[in-house]
Structures are given as structure tokens and as C-alpha cells.
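# Need a 3D model of the sequence below.
(chains A and B)
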Protein chains: 2
Amino acid sequence: MLAGEIIAPEDIPPFSRYLVDGYAVKAKDTYGARESMPALLVPAGEVPVGEVTEINVADGEAVYVATGAMVPSGADGVVMQEQARRSAEDLEVTASVRRGENICFKGEDIGKGEVVLRNGTPLSPFDIGVLAALGITRVPVFQQPLIGLVSSGNEVVPADIVPPAGKIRDINTHTISNLLKAGGCSVLFAGIAEDSLEDLTRKLTSMRECDMILLSGGSSKGQADFVTAAVKELGGEVLFHGISIRPGKPTIFATLWGKPVFGLPGHPVSCSMVVLRFVLPLIRRMKGETGPIRSCATRGILGTNVPSSYGVEEYVRVKVERQEGSLVVMPIFAKSSVISTLSKADGFFVIPEGAEGLEAGVEVEVYPLA
Amino acid sequence: MLAGEIIAPEDIPPFSRYLVDGYAVKAKDTYGARESMPALLVPAGEVPVGEVTEINVADGEAVYVATGAMVPSGADGVVMQEQARRSAEDLEVTASVRRGENICFKGEDIGKGEVVLRNGTPLSPFDIGVLAALGITRVPVFQQPLIGLVSSGNEVVPADIVPPAGKIRDINTHTISNLLKAGGCSVLFAGIAEDSLEDLTRKLTSMRECDMILLSGGSSKGQADFVTAAVKELGGEVLFHGISIRPGKPTIFATLWGKPVFGLPGHPVSCSMVVLRFVLPLIRRMKGETGPIRSCATRGILGTNVPSSYGVEEYVRVKVERQEGSLVVMPIFAKSSVISTLSKADGFFVIPEGAEGLEAGVEVEVYPLA
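Below you'll find the predicted structure:
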């Protein structure tokens, strides 16, 4: 993302140039020309592409130009090749051309002194094209935010070992770190914390330089107590514990060293939905992005009734199927611990907190999961 | 993208576990319990999270369990903490619980032997989560396609030099290579070719190992002749020259050494639209992706009439603005040489070849540009 604004140091294009192959002429010499009554012009040389020309196009003259050639002095129009016939001495022009048509004028794309890119712009391939046009091949960018990530729970072991009986492999670290990297962040993984004040405090301290800290796990009462205690021990403040959403209810939000800290639910689906709904949008704002939080949705027709609780914003994972030309949205009903449903889902829709479910047949907006 | 299919080597979760904090019970012992008439159960120890338990839950007993704990033998239900009151000797249960509720059963997420990911799946963060759950931290993936890229034109100079009079900087190389990288490709840049058969042939030969070759520039008649001649010289075949689209009409498509070759228009907007509309979708198919070519669009109301020619599929760059709750789509009218319009645009919509323009007020689907 661009740090600072870019002001055009020059005009683009730097000279007026042709957009088609044809003949540079004075437009007035073609007025009234048609197939049955061509205008006759005198061929008078060529402007080679990529070269400066000293040619001056005089009344009644036509100078050959290919796409990209510089507009010679005296010319204000161009006869396209298809509208001209070359004979031994003449050029027969079979159509009338307008002044300025098929010419890209000096500075028409970008004017010298124009602000072309503003501070905080995520650089698209086209923005990079604009910079290339201006000869700017290096620009200052914001550093990617560094997000600290720690998994917690006595039952959690790294994914690359065989879990002893009673334990399970760490899923959230892998899901979240890939969501964060796709969102333009660097990730510092502090490891898996035991459910103890001492280890949590140590892990948090190791992430002190991060711009944001995410603790996954900690949805159980005892774990949440450790997270709260560890944040306080280090001088931070827990702002709230619990959001009226499903899945994702037992989310903790705190500040520590002036930085945001999320205590994310341990269930993989809950954890991922909170990252999608709250963490990634906050990161976009921290990066200075000002666009809409959700920009791109597919609309479809709900294929079945979906119950929900009044007062809870609910995120429903769905498959989207094309049936007879319309998109049918089918909810995937599964527990929030079931990661495979996120892998199979095409997206999710939102039931607002003021609704007690939605009925089959209504139109819903399906947001992508990643 | 995954090469080969992944079959689950084990059940996930590997044992039945609790999804909430509470008390493991026999569900029948709670039937009929309510706030005014609690069921009285006998506290009988705890199952620590992450450990194997030998406890057997007998009739009338309640064993403390936190989220993630293994389900002990004898238990088939769980009383949530909020529905239980602990006294000196008893546990008062104030709600009836259902068998199996709030338990994630062994293999409920992923069953041993199940095909969890198919050949050719682009791996999402959630797919990586599924792999982590199974302990699979390395998978075979397809190599990224290698796309050869060459700019052509005597008027084109590299972006990092000051163009002599009559010449312009290379834009397309930068725009296209960033579009390709965002699309999961590696890019080999062969440089800027002169408009000569010899140099074009040499540049094409240097890209022989690529999976696809893109030549940008060559929209003028003379350049197209060189491209055609160079492809033939090397034993390839030009399949067509010209597509009924705007911008992008003078596109060349050829095969050479069994690989697709695109001759892309030189104007930056035309070039980019052909990459978005034809090149990237072809690459997705070459990679084995089977999903829809365009999956994600924003719908909005066209804010003004837009003319178009019958028989031409037209791509109209637009800005999308929110006005009084609805999205208004405003076309950006500019020449196809003007790269800055792509940088400013929010997306594009398509006027099909059978229409002579669209009228203000109709709903259009706006596709993202990158």
C-alpha cells in the first residue's frame, strides 16, 4: 500500500500520438468525402513510429502514420487505413474525418502536476501501470502489519505430531495465519501456550512488537480467566468478553501496550468467522484502507428455512448451486467445531440480530469466505 | 493448487469431545428438570482437558468437564455450566439436556477414509486447516504456470529510462505481469522486441519453455504482420486475428510448440481487458480449475445511457457510487490508450454483442478488474 501521494512529474503521453494506422491530414480536406466521391490528397511521406518528425502537413497533403506515431505539425485529423485507397499519385479518401479523432493528445492520460495516486492506495496492477508510464519504478509503501498469533489449550499439539490420547492438533494457527497472509499481513507465531498465567504472560510478552495480537483458544471459562488475568498482569485492559454473534460468541477484546488483542474462540469455525468479521476489517482500517468492508457478494435465493435467535447476528455457511438459471443458497448445518464445513462452503450469509431466522425463497447476499 | 487427492488417514476429532464447559451426565437423569424443580446429581470428579479419562459416569452422577475434554464412558449428555448450581454436596441441574447435544463425536468432522480434498483444488486457508487437523503439513501441488511476456514496438522503452522524443515507456509489461502474478503465475519477461522478424523470432525462441506466451503491442498492421510471420517461421499457426470486442479487437491468437500464444493490443486498456477476459480464464482452465470464470459481481443501477455497437461485446469501465442506499454505476468514457482510467475504475460491466447499448436505470453486474 502506497505511503505518500504521487504527483505526475510529466505529461502522459509526452506528445500527441495516433491511436490507429492511417494518414495524417487536415480534417477539413476530407469534409464531404464518401465512397462515391472520394477526396483526393497528395501522399507526402511518413512519420516512423518512435521517431521525432519535422514534417509539416500542408493543405491537401496526407502523411502515412502507424499506431503510436507522433502527430506532425499541421495535421489535426487521421484517415484510417480502411478509408483510404492509394493509387500511383493520389490518396483517395472515402470518408470524412473529425478533428482530434483517433489521436491521444499530450497529457490526455495524465497531466503534469496531477495527483495520480493518493496516500494509502493499495497498488493494483493498473496503478503500477500508471507508475510505469511516469517512469516511477520505486515507491514508498507501508510496512505490512505484523500480527502476533498464539494458540492456547492444554489439549492442543502442533499439527506435525501425532496427538497423544485426549489431545488434538492445532488447526486455528494454520487457518488464521493463511487468512492473515492473504490479507496482506506478516505473522509472528509465538507457539502453543499452556493454560497457565505464567505461560500466557510469557507468550504475550514475546509478541510485544506486534501491531495486533490474536490468542486462539480460550473459549472455556477457565481459559478466558487466564487470558483476562494475563492481559491485566501486563498492564492491559479487557474491554469486553462476549459478542451477540453465532458462531463466535465468547470473543474477548482487550488493549495491551496500546494495541488491540483478540481472544478468539477455540472452535475452528467460530475462530475463523470472528477473524473474517472483525479482525480482518480492523486490520484494513489500521492499514488506512477506507473502502467498504465487504465489497463483493453473490446474490442467491435461500433454498430452505433457516432458524435463528432474536438478538444474535448469525453467520450461516452455505453452498451455492446453479439451478435452472438462478443461484440457490443451501445452508450447511454443522457444529462450530467442524472445520471441514468451511473447507466445503462457498461462502456465508448474515441473519441480522433483529430477525428470528429467514424463510426459504428470500434473496440473500453471500459473501466469500476468503 | 493441490496435485492429487487427500484421503483422511484418521478420524477427526480422534475422540468424542465436549463443545461447552459443564457436567458430563446421563441425559435421562436431567429429564424434567427446571428452575423451580432442579434435578439433584452427585458431583463425581473431573475430566481434565487434554487427558485420557478412566472415569465411568454412573446413574445420578455429574463429572466436571471443560470445553475440549474427552467424553467419559457412561455419559451421553452435558449440562452447561449456566444450567447447574453447585452446593456443598449436590449439583442442582435446572434444565433438561438432550443426548449428544454439545458433543462433537469421534469422526464427526472428518471420517477416516473420506476424500477430503480433490485433485486440482486451490487450497484455501480452511483447506489448510483441514490438512492441519489430519497432521498433513506437506502436500504435492501443481507448479505455477510459467507465462512468457514480451513487449514490442519501436516506440517502446523500459519504464526506468527517460524516453527520447517520439518514444513512450512500457506500461503493459508491468500491468500484465502483476495481473498474472495475482493470478498465480510465474512470469518470464523476455524484454522489448523491435518491430523486426529477426528480433521477434529471437524473443519467441527465448520463451520456448513457457506454458503460454503473451506478446503485447502489435496492434498496428505492420506489427501484426511481423507477429504472424514470426509465429509461422517457428512452425506455429495463427488461428485468428481480431475478436468482436471493444476494447481489444486486434487480438491475435496462435499456437506455437503446442502452446497458446496471444498477440495483445498495444493500448494499455485494450491489452488489460483481453488479459482479464481471455488470458486469465484460459490460465485457470490450464491449471485445472473448474469453477465459474467470473464468480463475484456487484449489482448496481446504470446511471446514464451507454451506447454500443451491435455485434460487438463491449467492456465498460465504471465507478460505483452509493447514493441513497443503492449502488449507482457510472461509466468512465475514455480512449483505450488511457491507463489512468483503469487505475481509477472500480470495475467493468459487459454489454453483450446483441445489444445496441444499455439505458440508464437498468441493473448491471459489475466485475472487479483485478
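
# pLDDT below threshold where in chain A?
A:218-219, A:290-296 (pLDDT under 70).

# biggest strand in it by residues?
Selection of the longest strand in chain A by residue count, based on DSSP state E, yields strand A:313-323.

# Give me the contacts around it.
A:244-248, A:269, A:273, A:277, A:298, A:300, A:303, A:306, A:308, A:327-332, A:334, A:341-342, A:344-353, A:366, A:369 (C-beta atoms under 8 Å, 6 or more residues apart in numbering or on different chains). For glycine as for every other residue, the C-beta is placed from the backbone atoms N, C-alpha and C.

# 7 Å - rerun?
A:244-247, A:273, A:277, A:298, A:300, A:306, A:308, A:327-332, A:341-342, A:345-353, A:366 (C-beta atoms under 7 Å, 6 or more residues apart in numbering or on different chains).

# do the same with stretch A:228-243
A:197, A:200-201, A:204-205, A:224, A:249-256, A:261.

# which residues in the stretch 251-370 of chain A form strands?
Applying DSSP state E, counting those that start in this stretch to the stretch 251-370 of chain A gives strands spanning A:252-256, A:259-264, A:298-302, A:313-323, A:326-331, A:347-351, A:363-366.

# can you redo the ones you listed as a markdown table with mean neighbour count and distance to A:Ser87?
Below are the strands of the stretch 251-370 of chain A laid out as a markdown table (neighbours: other C-beta atoms under 10 Å in any protein chain shown; distance: least, C-beta to C-beta, whole Å):
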| stretch | mean neighbour count | distance to A:Ser87 |
| --- | --- | --- |
| strand A:252-256 | 19 | 81 |
| strand A:259-264 | 23 | 77 |
| strand A:298-302 | 19 | 59 |
| strand A:313-323 | 19 | 58 |
| strand A:326-331 | 18 | 60 |
| strand A:347-351 | 22 | 64 |
| strand A:363-366 | 19 | 63 |
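
# With respect to A:Phe142, which of those strands lies nearest?
strand A:259-264 (16.5 Å; C-beta to C-beta).

# next one: the closest one to chain centre, how far?
Centroid separation for strand A:259-264 versus its chain: 24 Å, with C-alpha atoms, centre = their mean, to the nearest Å.

# Just the CA atoms of it, as PDB, please.
Taking Å, rounded to 0.1, in the frame of the first residue of the first chain, the C-alpha atoms of strand A:259-264 are listed here in PDB:
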ATOM      1  CA  LYS A 259      -2.500  -2.400  20.700                       C
ATOM      2  CA  PRO A 260      -5.700  -4.500  20.000                       C
ATOM      3  CA  VAL A 261      -5.800  -8.000  21.400                       C
ATOM      4  CA  PHE A 262      -8.400 -10.500  20.400                       C
ATOM      5  CA  GLY A 263      -9.200 -13.700  22.500                       C
ATOM      6  CA  LEU A 264     -10.600 -15.900  19.800                       C
END
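
# tell me the angle that strand makes with strand A:252-256.
In terms of direction (axes from the mean of the first three to the mean of the last three C-alpha atoms, to 10 degrees), strand A:259-264 departs from strand A:252-256 by 150 degrees.

# do strand A:259-264 and chain B meet?
No: interface with chain B: strand A:259-264 contributes nothing (C-beta under 7 Å from any C-beta of the partner chain), its closest point being 13.3 Å away.

# by contact count, what packs against that strand?
Contact analysis of strand A:259-264 by 3 or more C-beta pairs under 7 Å, 6 or more residues apart in numbering or on different chains; DSSP states H and E lists strand A:212-216, helix A:221-233, strand A:252-256 as its packing neighbours.

# what about dumping the CA coordinates of the longest one to CSV?
Output for helix A:221-233, consisting of C-alpha atoms alone and laid out as CSV, is shown next (Å, rounded to 0.1, in the frame of the first residue of the first chain):
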residue,chain,number,x,y,z
LYS,A,221,-14.4,-20.3,31.3
GLY,A,222,-11.1,-21.3,32.9
GLN,A,223,-9.1,-20.3,29.8
ALA,A,224,-10.8,-17.0,29.5
ASP,A,225,-9.9,-16.3,33.1
PHE,A,226,-6.2,-16.9,32.3
VAL,A,227,-6.4,-14.6,29.3
THR,A,228,-8.0,-11.8,31.3
ALA,A,229,-5.5,-12.2,34.1
ALA,A,230,-2.5,-12.3,31.8
VAL,A,231,-3.7,-9.1,30.0
LYS,A,232,-4.2,-7.3,33.3
GLU,A,233,-0.9,-8.6,34.7
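
# The next helix-or-strand element following it: partners in the sheet, and parallel or antiparallel?
Downstream of helix A:221-233, the next assigned helix or strand under DSSP states H and E is strand A:237-241. Strand A:237-241 has the following sheet partners, assigned by DSSP bridges: strand A:252-256 (antiparallel).

# ok, and what's touching the partner strand?
Residues outside strand A:252-256 that contact it (C-beta under 7 Å, 6+ apart) are A:204, A:213, A:218, A:224, A:227, A:231, A:234, A:236-241, A:261-263.

# Output the strands of the stretch 251-370 of chain A as TSV; include the columns distance to B:Ile55.
What follows is the strands of the stretch 251-370 of chain A, written out as TSV (distance: least, C-beta to C-beta, whole Å):
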stretch	distance to B:Ile55
strand A:252-256	31
strand A:259-264	30
strand A:298-302	44
strand A:313-323	35
strand A:326-331	37
strand A:347-351	38
strand A:363-366	45
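
# which stretch among those strands comes nearest A:Arg169?
Of the strands of the stretch 251-370 of chain A, nearest to A:Arg169 by C-beta to C-beta is strand A:259-264, at 17.1 Å.

# angle of that closest one against strand A:212-216?
Using the same axes, to 10 degrees, strand A:259-264 lies at 10 degrees relative to strand A:212-216.

# And for strand A:259-264, what's in contact with it?
Counting by C-beta under 7 Å, 6+ apart, A:210-216, A:218, A:224, A:227, A:231, A:236, A:251-255, A:271, A:274-275, A:279, A:282 sit against strand A:259-264.

# Could I have the buried ones of those residues as PyMOL selection syntax?
Buried subset of the contacts of strand A:259-264, written as a PyMOL selection, criterion 16 or more other C-beta atoms under 10 Å in any protein chain shown:
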select buried, chain A and resi 210+211+212+213+214+215+216+218+224+227+231+236+251+252+253+254+271+274+275+279
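
# For the nearest residue to A:Leu358 once chain neighbours are set aside, give me its contacts.
Excluding the flanking residues, the one nearest A:Leu358 by C-beta to C-beta, 6 or more residues apart in numbering or on different chains is A:Val306, at 5.2 Å. Neighbouring residues of A:Val306 by C-beta under 7 Å, 6+ apart: A:316, A:331, A:351, A:357-358.

# Look up how far chain B lies from A:Val306.
19 Å (C-beta to the nearest C-beta, to the nearest Å).

# Could you chop chain A up by domain?
For chain A, the structural domains run A:1-11+A:111-142, A:17-104, A:146-286, A:298-366, going by automatic domain parsing.

# Just name the most buried of those.
Stretch with highest mean neighbour count among the domains of chain A: domain A:146-286 (a mean of 20; mean count of other C-beta atoms under 10 Å in any protein chain shown).
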